[in-house]
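Student: here are the coordinates; sequence isn't available:
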């Protein structure tokens, strides 16, 4: 294995995992927003995505977790099989859904910051490598 392949594996794994994390956070945002939008609908059954469960499956390569493909080299798959329907006699609990949405937003922002730091580190390595 040459040096390029080793470097590619090191960087692609971390960046790929962060990408999957952000994709899943985006998907969970859509599910939570749908629950909130239908909070007044008595026939709506709240849905939830277990972020930890899905991410663990992705890490163990048991489940492809991507929202959509925009390039022929992207892997296919979606999250549709990971949405759990939670039944509640009271329907959607608006305050709980809003809290989940706020937490999901914070975690999304943390993922973005981690990705930015990763790219910042790569940029530093590239700039300093030529000196």
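Tutor: Sure thing, it's come through. Computed from a predicted structure; not experimentally measured.
Student: I'd assumed residue 48 was in a strand, is it?
Tutor: Yes. Under DSSP: H, G, I helix; E, B strand; the rest coil, residue 48 falls within a strand.
Student: Which pLDDT value belongs to it?
Tutor: The predicted local confidence for residue 48 comes out at a pLDDT of 84.
Student: what separates it from residue 92, distance-wise?
Tutor: Shown here: residue 48 relative to residue 92, a distance of 11 Å by CB to CB, to the nearest Å. Every residue, glycine included, has its C-beta placed from N, CA and C.
Student: likewise residue 101?
Tutor: Following CB to CB, the distance that separates residue 101 from residue 92 is 12 Å.
Student: Looking at these two, which is more packed in?
Tutor: Applying other CB atoms under 10 Å to residue 101 and residue 92 shows that residue 92 carries more neighbours, namely 22 against 17.
Student: Now do the SS call for that one.
Tutor: coil.
Student: How about the contacts made by it?
Tutor: With CB atoms under 8 Å, 6 or more residues apart in numbering as the criterion, the residues that contact residue 92 are 35-36, 38-39, 44, 46.
Student: from these, which single one is nearest residue 109?
Tutor: Ranking the contacts of residue 92 by separation from residue 109, with CB to CB as the measure, puts residue 36 on top at 19.1 Å.
Student: My understanding was that that closest one contacts residue 101; is that so?
Tutor: Yes. Taking CB atoms under 8 Å as the definition, residue 36 is a contact partner of residue 101 at 6.8 Å.
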